[in-house]
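Student: Give me coordinates for this.
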Amino acid sequence: MERVEGMTLAELSRCVGKPWSVATAVSVVAGVLRALRHIHGHAVEGKSQGIVHRDVTPHNVMISARGEVKLMDFGIAQRADAEPCLGGALGKLAYVPREQVEGDPDQRADLYAVGAILFELLDGRRFRWHCADEDAFFLEIY
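Tutor: As a prediction, the model looks like this:
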């Protein structure tokens, strides 16, 4: 793995402490989307091997000292054509859509999480900020 000098998006957002400018937020999100385009469209010998990250969060996005956007932590990633898996790792509930909770996420689950990140950057609050515990997250998701 590449060593990246910098801060996670979560750390950087705490330092900024307010909503980001639209231009800066879009620039960061565009970097995440480029990374997702690469993993979602990955092919080996012409056969799709698309990967669903399943844990796209500000903690898993790194901004390098040079301003590069890096997507990290593929610990619960799976191939897009993998069998549905109930009871597996969910990712962080603040960022997951219903399909992921139900065990059948596809690339759209990663895009949903990117939308949640964009919300946070532009609004200055955590996505689903009103959810105080796991039960509240599940109610919100469903």
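
Student: mind listing the helices for the protein?
Tutor: Assigned by DSSP state H, the helices in the chain fall at 9-16, 22-40, 98-101, 107-123, 134-141.

Student: Kindly provide the distance from the residue most central in space within the chain to residue 106.
Tutor: The centre of the chain sits closest to residue 56, judged by Cα atoms, centre = their mean, with a distance of 1.5 Å. Distance, residue 56 to residue 106, by Cβ to Cβ, to the nearest Å: 13 Å. All C-beta spots, glycine's among them, are computed from the backbone N, C-alpha and C.

Student: can you check residue 117 too?
Tutor: The gap separating residue 117 from residue 106 is 18 Å, by Cβ to Cβ.

Student: ok, for the residue nearest to the centre of the chain, nearest residue in space, not its chain neighbours?
Tutor: residue 113 (3.8 Å; Cβ to Cβ, 6 or more residues apart in numbering).

Student: Let me see the confidence value for the one you found.
Tutor: Per-residue pLDDT puts residue 113 at 97.

Student: For it, give its distance to residue 119.
Tutor: Remark: distance between residue 113 and residue 119 (Cβ to Cβ) = 10 Å.

Student: repeat for residue 16
Tutor: 15 Å.

Student: Likewise for residue 76?
Tutor: Counting by Cβ to Cβ, the gap from residue 76 to residue 119 is 22 Å.
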